[in-house]
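*Asks:* Sequence below, structure please.
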Amino acid sequence: MYQKILLTSFQTWLPHQKSNSSDDLLIEVAKLDSLPLSLNFLRQLPVNVAQASDRVFAKINQLQPDAIICCGMAEGRTQLSVESCAACGTTVLKTSVNLEKLLTGSAATEISHNAGKFVCEGLYYSVLDYLQERQLNSRCIFVHVPILTPENFSEIRADFLYIIKNLALS
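*Replies:* Residues are numbered from 1 along each chain as shown. Below is the predicted model of the structure:
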């Protein structure tokens, strides 16, 4: 039986953004038929923590995924970043996924301890909290995606696919 993985992305939020790199990456992943996984996409989430969280919670309840990969754009970063934690006020929630093990063998992905203090961190915190409160076994990570360019696209896509496969095996 295939591992069910839920992948999410956001809409753009600033006027100069023609697209959201995390959504662009999910579009490319959706085109691939070669993954022995059940990938489910929840794209173009609103840039609003409450609304985005409600949509993700509903999808979690419907799908009951084995893993969740929330994705967001990080214009100021140059490589994929997997977030170790998310904070709300003074409360910090950490992913249960061993990120060092998950990323062993990746080419250009870093572990970040700063989810951004925006809708990305808000969603990540909400999902981690939701899973914890309901004692659900879904593994959850958040991946920040830099602006995609012809120069970095192949490496970023390869690392993202590597993360998906490793998460399915963890």
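
*Asks:* Tell me where this structure is predicted with low confidence.
*Replies:* Across the chain, the ranges flagged by pLDDT under 70 are 1, 36.

*Asks:* and the closest residue in space to residue 48 that isn't next to it in sequence, how many neighbours does it have?
*Replies:* Using Cβ to Cβ, 6 or more residues apart in numbering and skipping the chain neighbours, the partner closest in space to residue 48 is residue 119 (6.9 Å). Placement of C-beta: from N, CA and C, glycine included. Around residue 119 sit 20 other residues, with neighbours defined as other Cβ atoms under 10 Å.

*Asks:* Would you mind finding the longest helix in the protein?
*Replies:* The helix spanning the most residues in the chain, taking DSSP state H as the definition, is helix 153-169.

*Asks:* Look at residue 86 and give its secondary structure.
*Replies:* The assignment at residue 86 comes out as strand when based on DSSP: H, G, I helix; E, B strand; the rest coil.

*Asks:* For it, name its beta-bridge partners.
*Replies:* When bridges are called by DSSP bridges, residue 86 pairs up with residue 93.

*Asks:* Residue 73 now?
*Replies:* The bridge-partner assignment for residue 73, based on DSSP bridges, gives residue 145.

*Asks:* secondary structure class for the residue nearest the centre of the chain?
*Replies:* Residue closest to the mean C-alpha point of the chain, counted by Cα atoms, centre = their mean, is residue 70 at 2.5 Å. Secondary structure for residue 70, judged by three-state DSSP, is strand.

*Asks:* Helices of this structure, residue ranges please.
*Replies:* Applying DSSP H to the chain gives helices spanning 21-30, 49-63, 99-103, 119-133, 153-169.

*Asks:* quick one, what contacts residue 131?
*Replies:* With contacts defined as Cβ atoms under 8 Å, 6 or more residues apart in numbering, the neighbours of residue 131 are 60, 68, 138, 140.

*Asks:* Over to residue 60?
*Replies:* Contacts were defined as Cβ under 8 Å, 6+ apart; by that measure residue 60 touches 6, 68, 127, 130-131, 136, 138.

*Asks:* among the residues you listed, who's most crowded?
*Replies:* For those, counting by other Cβ under 10 Å, the largest number of neighbours falls to residue 68: 28 neighbours.
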